[in-house]
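S.K.: My questions are about this predicted structure, shown below with the sequence.
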Amino acid sequence: MPSLNPAVAELRRAVRAAVADFPAGSTVVVALSGGADSLALAAAVAFEAPKAGLCAASVTVDHGLQPASDTVAADAARAAAGLGLDALIVRAEVRPGADGPEAAAREARYRVLRDAAQDAGAAAILTAHTLDDQAETVLLGLARGSGATSLQGMAPVSDLDGVPLLRPFLAVRRTTTEAACDAQGLTPWRDPHNVDPAYARVRVRSSVLPVLEAELGPGIAEALARTAEQLREDADAFAEMIDETIEDIVEPAEAGIAVSVAALAANPPALRHRLIRHVVASEFHVSLTRTQTLEVARLVTDWSGQGPIDLPACRARRVGRMIEFTASESGL
């Protein structure tokens, strides 16, 4: 018998590990665009799911943003059905947003995937993000200066409104998914947006990463992915520390919540700042920038009687031994 193609074998191992803990009879949903990454994922899931006693389906989201998008979606669904998956096409409404068309399309896509998975009672959604996608995400986060949270990149397992979202290919190179498609006679769709330099991610992919590889040597993408993994480990450790600490240092306040000055002061800056951001996010469902976080921290470490600080949806002020966060009028 001919030996199994190494690329195909690598992808099947990755999927096998990702779905190993699901009980027999569970359903998994593959997010399928028709590109090489997601088509290779669909093929690997179609092979591994029956061996694990799982049902598998694909969901192709038609954003309607490109000419003949319905044809592209139909071709992807046809390929999935040919692999043995239950194939579904869903048209998504892309709502314009402040963060641009890419973010709006991504939000619409995940909304459709979540709804489809919930309708199917699926145990998880699988997406085909690769190590290359991870490296690009880290570089974009670094360029924006958005801190460690952004530099953590994408997690192998995350939560999409109660549905587990799995990314089994985060240690896999894009060249591997392309090779797997070739080996299995699969013809992926070539998204024109993936070569359009109008998009920052495309410029990172086609220009920035190749220059870094040429000037600094090979292995840049792997190094960026390792950095993301290490930062996620740090973030998980901080999250545990916050969970252990938070109940002991907060108390209710009128129209908000209050945090102990002494407890915040006793913690190192990294944990203090995370506690401040966590309190605001949990209570008012908004995120603070680093500048806003540092201003609140000054109420603890450099207080000289300054007045309240206006923040998104709330205000922070020092009242005796507490920092009070109360809803602003616009947030009421």
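M.R.: Yep, that arrived. Numbering: from 1, shown residues only.
S.K.: dump the residue contacts of the closest residue to L83 other than its chain neighbours.
M.R.: Nearest residue to L83, sequence neighbours excluded (Cβ to Cβ, 6 or more residues apart in numbering): A46, at 4.0 Å. In short, each C-beta sits where N, CA and C put it, glycine included. Contact partners of A46, counting by Cβ atoms under 8 Å, 6 or more residues apart in numbering, are 56, 80, 83-85.
S.K.: which one among the residues you listed gets closest to V279?
M.R.: Within the contacts of A46, the smallest distance to V279 is 41.6 Å, found for A56 (Cβ to Cβ).
S.K.: can I assume the residue nearest to L83 sits in a helix?
M.R.: Yes. Judged by DSSP: H, G, I helix; E, B strand; the rest coil, A46 forms part of a helix.
S.K.: Could I get the contacts of A46 in JSON lines, plus columns for secondary structure, pLDDT and neighbour count?
M.R.: Output for the contacts of A46, formatted as JSON lines (DSSP: H, G, I helix; E, B strand; the rest coil; pLDDT from 0 to 100; neighbours: other Cβ atoms under 10 Å):
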{"residue": "A56", "secondary structure": "strand", "pLDDT": "97", "neighbour count": "26"}
{"residue": "A80", "secondary structure": "helix", "pLDDT": "97", "neighbour count": "28"}
{"residue": "L83", "secondary structure": "helix", "pLDDT": "97", "neighbour count": "21"}
{"residue": "G84", "secondary structure": "coil", "pLDDT": "96", "neighbour count": "15"}
{"residue": "L85", "secondary structure": "coil", "pLDDT": "97", "neighbour count": "24"}
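S.K.: Dump these into JSON lines; add distance to G100 as well.
M.R.: Formatted as JSON lines, those follow (distance: Cβ to Cβ, whole Å):
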{"residue": "A56", "distance to G100": "33"}
{"residue": "A80", "distance to G100": "29"}
{"residue": "L83", "distance to G100": "33"}
{"residue": "G84", "distance to G100": "37"}
{"residue": "L85", "distance to G100": "32"}
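S.K.: Closest to V286 out of those residues?
M.R.: Distances from V286 to these, taken by Cβ to Cβ, are shortest for A56, at 38.3 Å.
S.K.: how close does that closest one get to L11?
M.R.: 14 Å (Cβ to Cβ, to the nearest Å).
S.K.: Then A68?
M.R.: 28 Å.
S.K.: which of the two has more neighbours?
M.R.: L11 (29 against 9; other Cβ atoms under 10 Å).
S.K.: what residues does the helix or strand harbouring Q118 touch?
M.R.: Element membership of Q118 [criterion: DSSP states H and E] is helix 101-120. With Cβ under 8 Å, 6+ apart as the contact definition, helix 101-120 has outside contacts at 27, 29, 31, 57, 59, 61, 63, 65, 88, 90, 92-97, 122, 124-125, 160-163, 199, 201.
S.K.: so what secondary structure elements neighbour whichever strand or helix holds Q292?
M.R.: Element membership of Q292, judged by DSSP H and E, is helix 290-301. For helix 290-301, the packing partners by 3 or more Cβ pairs under 8 Å, 6 or more residues apart in numbering; DSSP states H and E come out as helix 261-266, helix 269-284, strand 309-311, strand 314-319, strand 322-327.
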